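S.K.: model the following, please.
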Amino acid sequence: MNTDQIIGNAKDATGKVQDSFGAATGNTDWQAEGKSRQLEGKLQEQYGQAVDCARNVTADKPFTALAVAGGIGFVLGVLLSRS
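M.R.: Residues are numbered from 1 along each chain as shown. So this is what the prediction gives:
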């Protein structure tokens, strides 16, 4: 688990508390802000998982990762040179 996942979990939990507090008090602004914070936390957690996955794949198969990166660079070079 990396820092993005930890921060994402914290934002998600904070958003849930804020959403619940807004629902209990009838404050729709707090509810909306809480739901927004929950979404932000979930997205950050997913980003952290993707980074972990990419890190693991590149550690396990460095030559495959290098070939994929080279292929992406080649395709981007071709696409950008045409414009």
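S.K.: ok, now which ones touch the spatially most central residue of the chain?
M.R.: Using Cα atoms, centre = their mean, the residue of the chain that lies closest to the mean C-alpha position is Y47, 2.3 Å off. Contact analysis of Y47 by Cβ atoms under 8 Å, 6 or more residues apart in numbering lists 4, 8. Where C-beta positions appear, they are placed from N, C-alpha and C, glycine not excepted.
S.K.: separation between it and T58?
M.R.: Using Cβ to Cβ, to the nearest Å, Y47 is found at 17 Å from T58.
S.K.: again with L66
M.R.: In this view, L66 and T58 are 8 Å apart by Cβ to Cβ.
S.K.: more neighbours: the two, which one.
M.R.: Taking neighbours as other Cβ atoms under 10 Å, L66 and T58 compare with T58 leading, 15 against 11.
S.K.: wait, that one touches A67, no?
M.R.: No: when contacts are counted by Cβ atoms under 8 Å, T58 is not listed as touching A67 (11.4 Å).
S.K.: quick one: E40 from D29, how far?
M.R.: Counting by Cβ to Cβ, the gap from E40 to D29 is 16 Å.
S.K.: ok, and the closest non-adjacent residue to D29?
M.R.: Spatial nearest neighbour of D29, chain neighbours left out: G22 (7.1 Å); criterion: Cβ to Cβ, 6 or more residues apart in numbering.
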